[in-house]
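Chemist: quick one, structure for this:
(2 chains)
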2 protein chains.
Amino acid sequence: MNPAAIHAYLLELQNRIVAELERVEGRSFRRDPWQREEGGGGESRIIEDGDVFERGGVNFSRVHGERLPPSASAARRELAGRAFEATGVSLVLHPRNPYVPTVHMNVRFLVATKPQSEPIWWFGGGMDMTPYYGFEEDARHFHATCRKAVGSHYPRFKKWCDEYFHLKHRNEPRGIGGIFYDWHDSGDWEADFVFTREVGSAFLRVYPELVRRNWAKSWSEAEREEQLVRRGRYVEFNLLHDRGTLFGLKTGGNVESILSSLPPLVKWP
Amino acid sequence: MNPAAIHAYLLELQNRIVAELERVEGRSFRRDPWQREEGGGGESRIIEDGDVFERGGVNFSRVHGERLPPSASAARRELAGRAFEATGVSLVLHPRNPYVPTVHMNVRFLVATKPQSEPIWWFGGGMDMTPYYGFEEDARHFHATCRKAVGSHYPRFKKWCDEYFHLKHRNEPRGIGGIFYDWHDSGDWEADFVFTREVGSAFLRVYPELVRRNWAKSWSEAEREEQLVRRGRYVEFNLLHDRGTLFGLKTGGNVESILSSLPPLVKWP
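Modeler: Model prediction:
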């Protein structure tokens, strides 16, 4: 187990993703560094009002604390009261063109420690896509890339994603899904680190390509309208259901960074 | 205790409010009746894309169930497991002009029953205002009208409102407040019914007047922008904190009616 290697990889992943998105956008992302009072901090890389991305945030964070919050430790009794460090890259991109899907991706690594005990660690992450006007070919390509990245885990991680990104109050899926996983620890840290890097690479392979395919397609006001309305579902999911968002807001996280996942302009009709 | 009188009054209140707002708007509100699977229903009166009100909903509902939900009965042990009937009028109005405040008002009556026991009943309600560009004179007038309506309860109900409509994650008030109350039962049902009617009348006296004062004021794109951003706070409050919204969504309420409180167009900058 080598947290320094993870840390270095996640910073590199953030840089590679931002560099690739900047090539697509033709403009630089802004840097918003922030610190967390209870320990740690991060840097958000933000694009606003771009030609391709109406808003996007690619966030790196490394936070630590003296006690895992109960909501995080509830799932495994042996975690209760442990100190923790959580490192991750998390992104949401809201394209301007209704023919380009919104995307969410996250990879994270957690270590929970206690004096005189072995550390407990695990990986989590995933990616999922929310098209407004989807192309079946693009959806297939996205799912195939996810499948290739996680191999035999795919059926379980796909199902987990569908379950997690479900708007219970509307009984609607958020989008076309993808993969979602948590508590990932095969017992072989090196292998799981390789696995995480596969997920990062898969994102880099698939999403910029889908943006390039579609961002120049012409669209009408009716399609824009539909996009703004569907974005409302994204807000509803993130504020009503998303564990990461609610946990962040309830524990004094950086509000601007947490809410950078919200779309820039939204309609409720 | 006379639930039929309350029922009749609340329907009349909805009609009076809608009629007054229609005079301001110069156009009719739409009727959206709905039924709740577990019992009861209601009618929303909706205005969309009006000249004065970009969106508004004035909702009447009367719902009943065989068991008060735990979140409602937790506050008073003697309520556990009781059947209930809840009747109320609830409204949120989002004006188009940034110089006209958004407003929320609610009056409700609840009865919790159990065989061979006295019914337990109470009133709840309040009103609060969220200006984007406030005029001190208007704010004073709003608070003075609230004070007059609830008399000696005012300091407590004002404080309750400030505490309830607080965005904890941003440590910001939602607006300028007003009054909020719950579990209101002085022991004299007739007096409490009179009190509820005072709250309804106060709303009718004060808000349409404030709209008339300000709706024709000219505004710039910068003011519109600020309004759209501040509306984001309204969405955050309603989806993250508002008990009524969360309760409604979690118990299979009418999604469109519950979310008619959300602004029609919102920006997260």
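Chemist: next up, the contacts around A:Tyr132.
Modeler: Residues near A:Tyr132 by C-beta atoms under 8 Å, 6 or more residues apart in numbering or on different chains: A:98-99, A:101-102, A:223, A:226-227, A:230. C-beta coordinates here come from the backbone N, C-alpha and C atoms, glycine included.
Chemist: check A:Pro70 too.
Modeler: Contact analysis of A:Pro70 by C-beta under 8 Å, 6+ apart lists A:Ala80.
Chemist: in helices, which of the contacts of A:Tyr132 fall?
Modeler: A:223, A:226-227, A:230 (DSSP state H).
Chemist: list phi and psi for A:Ser218.
Modeler: Torsion angles at A:Ser218 (phi, psi; degrees, to the nearest 10) stand at phi -80, psi 150.
Chemist: I'd like to know how many residues surround A:Tyr197.
Modeler: Check again: residue A:197 is Arg, not Tyr. A:Arg197: 16 surrounding residues under other C-beta atoms under 10 Å in any protein chain shown.
Chemist: give me the number of residues near A:Pro3?
Modeler: A:Pro3 has 14 neighbours, counted by other C-beta under 10 Å.
Chemist: per-residue pLDDT, it?
Modeler: As predicted, A:Pro3 sits at a pLDDT of 88.
Chemist: distance-wise, check it relative to B:Ile6.
Modeler: Going from A:Pro3 to B:Ile6 by C-beta to C-beta, to the nearest Å gives 62 Å.
Chemist: now do the helices in the stretch 151-269 of chain A.
Modeler: With helices called from DSSP state H, counting those that start in this stretch, the stretch 151-269 of chain A shows them at A:154-164, A:189-214, A:221-240, A:243-250, A:255-258.
Chemist: wait, does the fourth one make contact with chain B?
Modeler: Looking back up the chat, that one is helix A:243-250. Yes - under the criterion of C-beta under 8 Å from any C-beta of the partner chain, chain B is reached by helix A:243-250 at A:246, A:249-250.
Chemist: buried residues in that helix, which are they?
Modeler: Of the residues in helix A:243-250, A:244-246, A:248-249 count as buried by neighbour count, 16 or more other C-beta atoms under 10 Å in any protein chain shown.
Chemist: just the longest one next, same as before
Modeler: The neighbour-count check on helix A:189-214 (16+ other C-beta under 10 Å) flags A:189, A:192-193, A:195-197, A:199-200, A:202-204, A:206-207, A:210-211, A:214 as buried.
Chemist: up against chain B, what does the stretch 51-200 of chain A have?
Modeler: Residues of the stretch 51-200 of chain A that fall close to chain B, judged by C-beta under 8 Å from any C-beta: A:55, A:168-170.
Chemist: now, of these, which are buried?
Modeler: A:55, A:169.
Chemist: need the residues of the stretch 51-200 of chain A next to chain B in a markdown table with pLDDT, can you?
Modeler: Compiled in a markdown table, these are given as follows (pLDDT from 0 to 100):
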| residue | pLDDT |
| --- | --- |
| A:Arg55 | 96 |
| A:Lys168 | 92 |
| A:His169 | 92 |
| A:Arg170 | 94 |
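Chemist: circling back: closest to chain B among the residues of helix A:243-250 next to chain B?
Modeler: Distances from chain B to those, taken as C-beta to the nearest C-beta, are shortest for A:Leu249 (4.0 Å).
Chemist: find the nearest non-adjacent residue to the closest one, please.
Modeler: B:His169 (4.0 Å; C-beta to C-beta, 6 or more residues apart in numbering or on different chains).
Chemist: now do A:Gly124
Modeler: Spatial nearest neighbour of A:Gly124, excluding adjacent residues (C-beta to C-beta, 6+ apart): A:Asp182 at 4.1 Å.
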